[in-house]
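Participant: structure here, sequence nowhere to be found:
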Ligand code: IFM
């Protein structure tokens, strides 16, 4: 089988980030606006009115990020590339300067013995493509494959681990369903069109990258265990499961959308949308699967006390009819995102996904936002609750591996506090704090805990 993952005899470790959340420099070196540059300017779109124009100022010098990653001693650094830096108008003109930055990053990582894991799309679509319809139109999938090939042509001799999309559920259903994410559209059931075009884009890109010699092309999904709180919630939970999980895994693993998915997303039965050959192209296209896990989706009948307003909440229930009486009902304890802490669900998810897909799995994101309040005399932060979260989730991964799940790695989200999408800078997931005034980076206790863990277990 084609892939460049370690054999899994022991778990590999890493950290992850994404371009818009850390880079800043929205106009540098020919970069054009992405949908997030545009969306963040909309009043009310971001809780604190902020945007990613500064973020962690990782562009143009990736050096400080590389130092922090190296200090952890981890095997992998997972980052994403900004499509509008590389193909500013979304068409065919490639901007060499944009690619130069990622070349510096990749070379710097390799020099220090860190393996780059590159994600091609972590939500920053060129605005020019959104103006032509974005993920609601088929052409965007073709343009994505062209962009993927341009990146692979330049970096494929050094980057061996590729992910096409990060969490297409968010792109489709938060971007075009609830509108909580860019481009902030609310097109109801039409959002399923975006889901199909995203998977098509993945399939086209993977096929062309494989033709170009790529060995390990995966996709990263935020697969979500869906838990029905009562029998009455079972149908609603099944609908949530369809658009959280099966709408992605069906094409990838079976080459089809199952009957339950078509019930909640009838547009996916439209032959003008899902054309002959589309699903065959996606079927078997991933060499490995990235699983991002934070929390389960617990579905219950609506009562006054059951209201969660996190971005993983009402958005997807609003995307299809018949579930008005249901809500997400996270139990306690919760993180600062209001997300239930439930490590057992991660163990079950990994075992189930192993049996369902047969693919090598990597937990490509896992971590927690907490209010970082305990400051130590050296100015660093004692984030004991984040360490507890990470410890319990690592134990769940170990248990899943003991139960036979082929999990090759665990990447913590995230290296440093950064722009948390519609929450702006109000939610902190980082192992390193970033001062919003002077951007000074200070490792938290969790950073040292992780470095020590990697030393003890081997990277
Ligand atoms: O910050 C995000 C990331 O970009 C995608 N996965 C979830 C993280 C926490 O919300």
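Facilitator: Alright, I've got the coordinates. Computed from a prediction, not measured in an experiment: that's the story for all the values here.
Participant: now stretch 272-279: mean pLDDT?
Facilitator: The average pLDDT within stretch 272-279 is 98.
Participant: kindly report the same for stretch 6-17.
Facilitator: Averaging pLDDT residue by residue across stretch 6-17 gives 97.
Participant: and that stretch, does that touch the ligand?
Facilitator: No. Judged by Cβ under 6 Å from any ligand atom, stretch 6-17 makes no contact with the ligand; its nearest approach is 8.0 Å. Backbone N, C-alpha and C define where each C-beta goes, glycine included.
Participant: got the buried residues for that stretch?
Facilitator: 6, 8, 11, 12, 13, 14, 15, 16, 17 (16 or more other Cβ atoms under 10 Å).
Participant: and it, end to end?
Facilitator: End-to-end distance for stretch 6-17, by Cα to Cα, to the nearest Å: 21 Å.
Participant: run the chain-centre distance for it.
Facilitator: For stretch 6-17, the gap between its own C-alpha mean and the chain's C-alpha mean amounts to 17 Å (Cα atoms, centre = their mean, to the nearest Å).
Participant: coming back round to it: and the two most separated of the buried residues of stretch 6-17?
Facilitator: Largest separation among the buried residues of stretch 6-17 by Cβ to Cβ: 8 and 17, giving 24.3 Å.
Participant: what sits up against stretch 351-358?
Facilitator: Here stretch 351-358 makes contact (Cβ atoms under 8 Å, 6 or more residues apart in numbering) with 223, 249, 252-253, 289, 291, 361, 400, 403-407.
Participant: number of residues surrounding the residue in the stretch 101-250 of the chain positioned nearest to the ligand?
Facilitator: When scored by Cβ to the nearest ligand atom, the stretch 101-250 of the chain has residue 167 as its residue closest to the ligand, at 5.6 Å. Applying other Cβ atoms under 10 Å, we find 24 residues neighbouring residue 167.
Participant: next: residue 244.
Facilitator: For residue 244, the count of nearby residues is 21 (other Cβ under 10 Å).
Participant: immediately after the lowest-mean-pLDDT helix or strand in the chain, which helix or strand?
Facilitator: Lowest by mean pLDDT, DSSP states H and E among the helices and strands of the chain is helix 314-317, with a mean of 52. Counting by DSSP states H and E, the element after helix 314-317 in chain order, helix or strand, is strand 326-328.
Participant: ok now that next one, how far from the chain's centre?
Facilitator: Centre-to-centre, strand 326-328 and its host chain are 23 Å apart (Cα atoms, centre = their mean).
Participant: can you check stretch 170-179 too?
Facilitator: Relative to its parent chain, stretch 170-179 has a centroid offset of 14 Å by Cα atoms, centre = their mean.
Participant: do the same with stretch 15-33
Facilitator: Distance, centroid of stretch 15-33 to centroid of chain: 16 Å (Cα atoms, centre = their mean).
Participant: swap in stretch 395-402?
Facilitator: Relative to its chain's centre, stretch 395-402 lies at 22 Å (Cα atoms, centre = their mean).
Participant: tell me the phi and psi of the most far-flung residue of the chain relative to its centre?
Facilitator: What lies farthest from the middle of the chain is residue 377; by Cα atoms, centre = their mean that is 34.9 Å. Backbone torsions for residue 377, taken as degrees, to the nearest 10, come to phi -60, psi -30.
Participant: can you pull the residues of the stretch 251-400 of the chain lying near the ligand?
Facilitator: Contact residues (Cβ under 6 Å from any ligand atom) of the stretch 251-400 of the chain with the ligand: 292, 365.
Participant: show me where the stretch 251-400 of the chain has helices.
Facilitator: Secondary structure of the stretch 251-400 of the chain (DSSP state H, counting those that start in this stretch): helices at 259-264, 278-282, 314-317, 343-357, 384-402.
Participant: does anything pack onto the longest one? Which helices or strands?
Facilitator: Using 3 or more Cβ pairs under 8 Å, 6 or more residues apart in numbering; DSSP states H and E as the contact criterion, the neighbours of helix 384-402 among helices and strands are helix 343-357, strand 407-413, helix 445-457.
Participant: let's go with 10 Å and repeat that
Facilitator: helix 343-357, strand 361-365, strand 407-413, helix 445-457 (3 or more Cβ pairs under 10 Å, 6 or more residues apart in numbering; DSSP states H and E).
Participant: OK, contacts around the residue of the stretch 201-350 of the chain found nearest the ligand?
Facilitator: For the stretch 201-350 of the chain and the ligand, the shortest gap (Cβ to the nearest ligand atom) falls at residue 292, measuring 5.3 Å. By Cβ atoms under 10 Å, 6 or more residues apart in numbering, the contact set of residue 292 is 16, 166-167, 169-170, 220-224, 362-367, 411, 413.
Participant: distance check, it against residue 367.
Facilitator: 10 Å (Cβ to Cβ, to the nearest Å).
Participant: check residue 247 too.
Facilitator: As for residue 247, its distance to residue 367 is 25 Å (criterion: Cβ to Cβ).
Participant: ok, back up a step: narrow the buried residues of stretch 6-17 to those in helices?
Facilitator: Assigned to helices by DSSP state H, none of those qualify.
Participant: residue in the stretch 1-150 of the chain nearest to the ligand?
Facilitator: Residue of the stretch 1-150 of the chain nearest the ligand, by Cβ to the nearest ligand atom: residue 18 (4.9 Å).
Participant: tell me, how many residues neighbour the closest residue in space to that residue that isn't next to it in sequence?
Facilitator: Nearest non-adjacent residue to residue 18, counting by Cβ to Cβ, 6 or more residues apart in numbering: residue 122, 3.8 Å away. When neighbours are counted by other Cβ under 10 Å, residue 122 registers 24.
Participant: which parts of the helix ranked longest in the chain are buried?
Facilitator: Once the chain is assigned using DSSP H, the helix that runs over the most residues is helix 191-211. For helix 191-211, the buried set under the neighbour-count rule, 16+ other Cβ under 10 Å, comprises 191-210.
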